[in-house]
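**Q** sequence and predicted structure are below.
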Amino acid sequence: MLGGYFPFANIDTSLVLVGTEVLVGAVVGYISWRIFYERVMSPLRDVPGPFLNSITSLVSNIQGALGKNHSYPIELHEKYGPVVRIAPDIVSISDPKDIRTVLATHDFRKSQIYKDMELVEPNTFSAQDPKLNSERRRQIGPTFTWSAMSKMESLVYKSGPGALIEKIEQLIRELGFGKSFKSVLVGHHDVIRWAHETVQLCIMYSIFPWLRKLPMVFPKWHESERNLLKFSTNTINERIELNKNAEKAKLRQDLLQAYLFATDPHTNIKMTQSQVMTETAVMLIAGTDTSSETLTWAVRYLMSKKDVLAKLLKEIDAAFPDKSVPIAFQDAKDKLPYLEAIILETLRISPAVPSRLPRDVPPGGAKFGGGDNDGYFLPEGVCVAPHVMASHYDPKTWPDPLDFRPERFLGSEAEANKKNNFGFSWGVRICPGRRLAWIEMMLTLANLFHKYELSIPKDLEHNYKNMDSVCYLMLSPKNAQNNCRISIKRRE
Ligand code: HEM
């Protein structure tokens, strides 16, 4: 009877049993083969690391999906040393010399993971092909020189510290008149949110590339990606229209303008409109959270390290006694070396891009971790991943690494320590936006602490060493609303 409705009911149970046995056998056989291959035959068999990581990427992927791509490898490096196998074909390294070897040249190309994260088409960030990356960097290079950046300083001031100060003043005024906190703080943060959520989507693609085929997963992040790309396209179109009607001398001087006119000096090639769109979206992603997270961390550390804060205020007050005059970047750079050291120390202890910078080992292979022994040979094609934060937390390079100590970047050890700070990466793919970031960060911190007294609740003062953080490409404080609460008042 039942057979009429359920065709499977007619199948001989012994067949099912045999099928199950074959399946289980195949799975067990596959796992045994993998264990045998990875532990006995693989050229990476001697690279230290947890057993599970040598046979599967699962643990590393789960840690990444949980936002622990920064902290998990630190634990592994602490246990296993400067070379650790974090997945069957990925080796994390933390020794500064090894990291510089990998990042110095185009020999070690960016790994597939960058392609997996790609927005629309290959761009400065995602390009694996050194030729494309070099061409793009030559095109955008002139945009990011100190002299080009200095022309944008007033814009940076206006939209960064200027806007912040305006907001703080508005808060002080309006709260004084009984207006609600919310009405002042709620602004137009959509673009920042879109950029933030697009990063999260790209990170998920990099961990689980097959997710690209399932656009129904993470619908909110997909919408943000679409909005971000639409925003870039609209902004470019509006600018092109505006340019048509403006005299050349009156053209707005900003990054977008520079991109529209960017030309490779070797070939005279300009970017197509679609390339400008991709690059603009990448810049929005690469340039917003990175600087703002670094600023958040810097303020948070200053709140806990009263001695550091006192030194900073002394330096600012001595150099700029008149609080009504805004501090310009070049003046800050010349007169506030301690502030510069504070930012470097923030980039060391909480680098905005804290985790792996994966590259492929070139033909001929390479050896790493040779400091204490002969090192481990990695053959061509293996993914070698310099780990920024694990390197920054290695007590051999950075004594008492969890202590926020800007003095590391002053005095006789400063140059060596700057060389071991990979906050902006290193070598041929070093962050092209670093000068802009320096201007943003120096201007913001100098002017903020010049004008205002900042403090945090007593219960938070001492917990900076064990503050929780989360990493989706960029490092953010966890539960920032609570852990980074601050009070602000005008300085006398
Ligand atoms: C505090 C702020 C910043 C930090 C800490 C930072 C850090 C980094 C790091 C570590 C990399 C290397 C990533 C990798 O190889 O996977 C990088 C690359 C990059 N950054 Fe930044 N960045 C900052 C701000 C900016 C800004 C303001 C821009 C542009 C407006 C920018 C644009 C880029 C681009 C386009 C790349 C890719 C370069 C390439 O692969 O050739 N960044 N950044």
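**A** Happy to help now that I have it.
**Q** flag the shaky bits of this structure, pLDDT-wise.
**A** 1-11, 173-188, 248-250, 371-373 (pLDDT under 70).
**Q** quick one: the nearest residue to Ile90 once chain neighbours are set aside from the ligand, how far?
**A** Among residues not flanking Ile90 along the chain, Cys383 sits closest, at 4.5 Å (CB to CB, 6 or more residues apart in numbering). No exception for glycine: its C-beta is placed from N, CA and C like everyone else's. As judged by CB to the nearest ligand atom, to the nearest Å, Cys383 and the ligand stand 13 Å apart.
**Q** now swap in Trp426 and tell me
**A** Taking CB to the nearest ligand atom, one finds Trp426 at 9 Å from the ligand.
**Q** now Glu121
**A** 14 Å.
**Q** what about the residue nearest to Ile90, neighbour count?
**A** 20 (other CB atoms under 10 Å).
**Q** pretty sure it is touching Lys110, no?
**A** No: counting by CB atoms under 8 Å, Cys383 does not reach Lys110; the two are 10.1 Å apart.
**Q** return every residue with contacts to both of these two.
**A** 358-360 (CB atoms under 8 Å, 6 or more residues apart in numbering).
**Q** where neighbours are concerned, which of those residues has the most?
**A** Counting neighbours by other CB under 10 Å, Arg359 comes out on top of the shared contacts of Cys383 and Lys110 with 23 neighbours.
**Q** the spatially closest residue to it that is not a sequence neighbour: how many residues sit nearby?
**A** In space, and not counting its chain neighbours, Arg359 is closest to Phe108: 3.7 Å by CB to CB, 6+ apart. Phe108: 23 surrounding residues under other CB under 10 Å.
**Q** can you pull the contacts of Phe108?
**A** 102, 359-362, 366, 384.
**Q** now do it against Gly381, distance only.
**A** According to CB to CB, to the nearest Å, Phe108 stands 11 Å off from Gly381.
**Q** next, show the common contact partners of those two.
**A** 360-361.
**Q** does the closest residue to Ile349 other than its chain neighbours sit in a helix, a strand or a coil?
**A** In space, and not counting its chain neighbours, Ile349 is closest to Phe404: 5.8 Å by CB to CB, 6+ apart. For Phe404, the secondary structure call by DSSP: H, G, I helix; E, B strand; the rest coil comes out as coil.
**Q** just Pro351 next, same as before
**A** Going by three-state DSSP: Pro351 is coil.
**Q** returning to that earlier point: hmm, the residue nearest to Ile349 is touching Tyr464, no?
**A** Yes: using CB under 8 Å, Phe404 is in contact with Tyr464, at 6.8 Å.
**Q** find residues that contact each of the two.
**A** Counting by CB under 8 Å, 6+ apart, the common neighbours of Phe404 and Tyr464 are 301, 304-305.
**Q** residues contacting the spatially most central residue of the chain?
**A** The centroid of the chain falls nearest to Val353 when counting by CA atoms, centre = their mean (2.7 Å). Counting by CB under 8 Å, 6+ apart, Val353 makes contact with 290, 388, 423, 425, 473-475.
**Q** out of these, which are inside helices?
**A** 290, 388 (DSSP state H).
**Q** please name every helix or strand in contact with the helix or strand hosting Ile236.
**A** Using DSSP states H and E, Ile236 maps to helix 219-245. Helices and strands touching helix 219-245, by 3 or more CB pairs under 8 Å, 6 or more residues apart in numbering; DSSP states H and E, are helix 190-207, helix 255-261, helix 273-304.
**Q** buried stuff in it?
**A** Of the residues in helix 219-245, those buried under the neighbour-count criterion (16 or more other CB atoms under 10 Å) are 221, 224-225, 227-229, 231-233, 235-236, 239.
**Q** if you skip the residues just before and after it, what's nearest to the closest residue to the ligand within the chain?
**A** Taking CB to the nearest ligand atom, the ligand has its nearest neighbour within the chain at Gly433, 2.1 Å off. In space, Gly433 comes closest to Gly287 once its chain neighbours are excluded; the distance is 5.2 Å by CB to CB, 6+ apart.
**Q** just confirm the one you found contacts Arg435, I think it does.
**A** No: applying CB under 8 Å as the test, Gly287 and Arg435 come out as separate, 11.5 Å apart.
**Q** only alpha carbons, please: show stretch 453-460 as CSV.
**A** This file holds the C-alpha atoms of stretch 453-460, laid out as CSV (Å, rounded to 0.1, in the frame of the first residue of the first chain):
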residue,chain,number,x,y,z
GLU,A,453,38.9,68.1,27.9
LEU,A,454,37.9,64.5,27.3
SER,A,455,37.3,61.9,30.0
ILE,A,456,35.8,58.5,30.5
PRO,A,457,33.8,57.0,33.4
LYS,A,458,36.1,55.8,36.2
ASP,A,459,35.0,52.1,35.8
LEU,A,460,36.4,52.1,32.2
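**Q** and that stretch, how far out from the chain middle?
**A** The chain centroid and the centroid of stretch 453-460 are separated by 27 Å under CA atoms, centre = their mean, to the nearest Å.
**Q** can you start the count at 122 instead of 1 from here on
**A** In the new count, where the first residue is 122, that last one comes out as stretch 574-581.
**Q** now that stretch: buried residues?
**A** Applying 16+ other CB under 10 Å to stretch 574-581 flags 577, 581 as buried.
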